[in-house]
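Participant: following is a predicted model, sequence given first.
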Protein chains: 2
Amino acid sequence: MIKKSGAARVGLQAPEGLKRATPIVAARIAEETGAEVIISGDPCFGACDVDTRLSGEVDLMLHLGHAGIGEEPEKVIFLEARMNEDLRGVVEKAIGELKSKRVGVSTTVQHVHKLDGALEVLAEHGIEGLLGPASGRIKYPGQVLGCCYASAKALDVDEYLFIGTGQFHPLGIALATGKRVLAADPVTCEILEIDPDPMLRRRFAAISRAADAKSFAVLVSKKSGQKRMELARRMMALGEARGREMFLVYLDNIEPDRLLNLGARAAVSTACPRVALDDSAKYSIPVLTPPEFEVLVGKRKWEDYLFDEIDDI
Amino acid sequence: MIKKSGAARVGLQAPEGLKRATPIVAARIAEETGAEVIISGDPCFGACDVDTRLSGEVDLMLHLGHAGIGEEPEKVIFLEARMNEDLRGVVEKAIGELKSKRVGVSTTVQHVHKLDGALEVLAEHGIEGLLGPASGRIKYPGQVLGCCYASAKALDVDEYLFIGTGQFHPLGIALATGKRVLAADPVTCEILEIDPDPMLRRRFAAISRAADAKSFAVLVSKKSGQKRMELARRMMALGEARGREMFLVYLDNIEPDRLLNLGARAAVSTACPRVALDDSAKYSIPVLTPPEFEVLVGKRKWEDYLFDEIDDI
């Protein structure tokens, strides 16, 4: 494909877990095509995080691991990472814990090609498994992203089965839909019913800690798929209208020392929702999502808590 | 000035030491001009490190602290930080340690406006103080940068007096000129004769440690004033011609975990020379400057060791 494209300069980007393979892949591409290969050395957190400075300098850019979110330049090619784990075993194990006969089924891109097997196992036990549609940044039916649960929300079901690793995605489904979520991990084979309450309590505490802050940093990400400048402006205006001092900060990787050096006592992050929700232990100051800041200033009721999603930029 | 320019969006960038002031400056600008102010939240290491993604989104960009290096877009305005320390006292103290009657005088941008006083004190003691000319990235006579000693090298003297803080700049003068350098610190009032030998020994050790590495990462900085892609290509070709595996890595902030994640066992950095020379203790692998890599592959003799400078990109 690279040969065919005639690319003289090729960019190569991968998330941290796959980065160690990039020098080998680069050597192989250079050998077979004669192209100059440039590896992106900065951290990469998703398809929202295409190295645009590198892609601007090459003819073709290979982004390993993630599925595209439909916003990237044409020359960026996503080579999705797929896991070979069969999902049948863990779904079989989850059956006994399911309470409904119609269940929404969600997963991440690594496993989407194995969802048919999961639906078959459910059908064998008389359970209808439903995949929400692809749309916007969701490329495959049933796929969810840390920042987007549109496929799950589109379903009219009372229960979801998330198949994949980690707790962030199923927690996102639970908070985005308000429904029961069972998480089935195909690697550890563990089945877990998701309880969103501990996280909600932590978020309530974060909002409370930020309540007295006089000034707020409003964080805008430079990453192409996380940059929500208009939302940031709305947060600026909302805070200022409520008598808070607000300042706008534009950055690439959001790290604790960045906020410390600015002297910020509280922040609203319009970047990836995981920054505020998943990394909160890293920060010494409360970092809120936009809907949480709305709760803080009284524009939204706590009862109407909204999980922050990036639907479109 | 901002009002006059009619800028609707203003960017604000500062090095870490001045960053805490940016929210206050931003509020002041917004209040007085009505402009939207966006603070650059990423680290900033010099005029070589203009936040080009932010400057691309604003009408006017204020860069605090550094002097321009003559390569930046017109809309970037440098507001240089100047220190009020008088240099007379510390120069007076240095007089007894000087060996020559003609001395090159160098400093960093914070003190350039006080150099006249320094030259006067020297003259009072019968010593001629000479300032090397501004040129290229050097904006003021007598100024040196961590990456550029052109002003010092232009002088035909046997001895230099560096007035300023830290050891990196006077060490750079010593290595770039091969002459005796006395460093006078106007803050602590300490006088120190620079001995480049310990650093040269450390660099020799780094080259030795890298000697057996099969593969080298060649690092190219994304920072506008540190990006030396052509030099990186020459290093790639040089290493490959000598049978080493070379791979090209493009990154913004060079940090130890970036190199670790790539699995690199040795690196050649074409970014700011301080990355290799000043931060070497941070890295578990040897990181060489381009002239050091030339020594490693036998293209340059150790006796002809060259301090890495960025004369032009």
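Facilitator: Alright, I've got the coordinates. What you see is a predicted model, and the numbers here were worked out from it, not measured in a lab.
Participant: and the strands in the stretch 101-250 of chain A, which stretches?
Facilitator: A:102-107, A:128-130, A:159-163, A:180-184, A:191-193, A:215-221, A:245-251 (DSSP state E, counting those that start in this stretch).
Participant: elements contacting the last one?
Facilitator: Contacting strand A:245-251 under the criterion 3 or more CB pairs under 8 Å, 6 or more residues apart in numbering or on different chains; DSSP states H and E are the following elements: strand A:215-221, helix A:229-241, helix B:22-33, strand B:36-40. (C-beta placed from N, C-alpha, C; glycine too.)
Participant: now the ones you listed in TSV, with mean pLDDT and mean neighbour count?
Facilitator: As requested, these are exported to TSV (pLDDT from 0 to 100; neighbours: other CB atoms under 10 Å in any protein chain shown):
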stretch	mean pLDDT	mean neighbour count
strand A:215-221	97	25
helix A:229-241	97	17
helix B:22-33	95	17
strand B:36-40	98	24
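Participant: for residue B:154, which of the strands of the stretch 101-250 of chain A is the nearest?
Facilitator: When these are compared by CB to CB, strand A:245-251 sits nearest residue B:154, at 39.2 Å.
Participant: next one, pLDDT for residue A:257 please.
Facilitator: With respect to pLDDT, residue A:257 scores 89.
Participant: does the helix or strand of chain A with the lowest mean pLDDT come close to chain B?
Facilitator: Across the helices and strands of chain A, mean confidence by mean pLDDT, DSSP states H and E is lowest for helix A:2-5: a mean of 79. No: Helix A:2-5 stays clear of chain B (CB under 8 Å from any CB of the partner chain), getting no nearer than 15.8 Å.
Participant: in that helix, what counts as buried?
Facilitator: Of all the residues in helix A:2-5, those buried under the rule 16 or more other CB atoms under 10 Å in any protein chain shown are residue A:2.
Participant: show me which residues of the stretch 151-300 of chain A sit near chain B.
Facilitator: Counting by CB under 8 Å from any CB, the positions of the stretch 151-300 of chain A adjacent to chain B are A:215, A:217, A:219-220, A:222, A:233, A:245, A:247-254, A:258-259, A:261-264.
Participant: cool, the stretch 1-150 of chain A as well?
Facilitator: Counting by CB under 8 Å from any CB, the residues of the stretch 1-150 of chain A that sit close to chain B are A:11, A:16, A:19-20, A:22-23, A:26-27, A:36-43, A:51, A:53-54, A:57.
Participant: buried only: go through the residues of the stretch 151-300 of chain A next to chain B for me.
Facilitator: Buried members of those, counted by 16+ other CB under 10 Å: A:215, A:217, A:219-220, A:222, A:247-254, A:258-259, A:261-262, A:264.
Participant: ignoring the adjacent residues along the chain, who's closest to residue A:183?
Facilitator: Sequence neighbours aside, residue A:170 is the residue nearest to residue A:183 in space, at 4.0 Å (criterion: CB to CB, 6 or more residues apart in numbering or on different chains).
Participant: residues touching the one you found, list them.
Facilitator: Residue A:170 sits next to A:106, A:160, A:162, A:164, A:181-183, A:192, A:194 when contact means CB atoms under 8 Å, 6 or more residues apart in numbering or on different chains.
Participant: so how far is chain B from it?
Facilitator: 28 Å (CB to the nearest CB, to the nearest Å).
Participant: please report how far that residue lies from residue A:31.
Facilitator: 43 Å (CB to CB, to the nearest Å).
Participant: highest neighbour count among the contacts of residue A:170?
Facilitator: residue A:106 (31 neighbours; other CB atoms under 10 Å in any protein chain shown).
Participant: ok, it touching residue A:159?
Facilitator: No: the criterion here is CB atoms under 8 Å, and residue A:106 misses it with residue A:159 at 11.4 Å.
Participant: any common contacting residues for the two?
Facilitator: Taking CB under 8 Å, 6+ apart as the contact rule, residue A:106 and residue A:159 touch no residue in common.
Participant: domain ranges for chain A?
Facilitator: Domain assignment for chain A by automatic domain parsing gives A:2-80, A:88-193, A:199-304.
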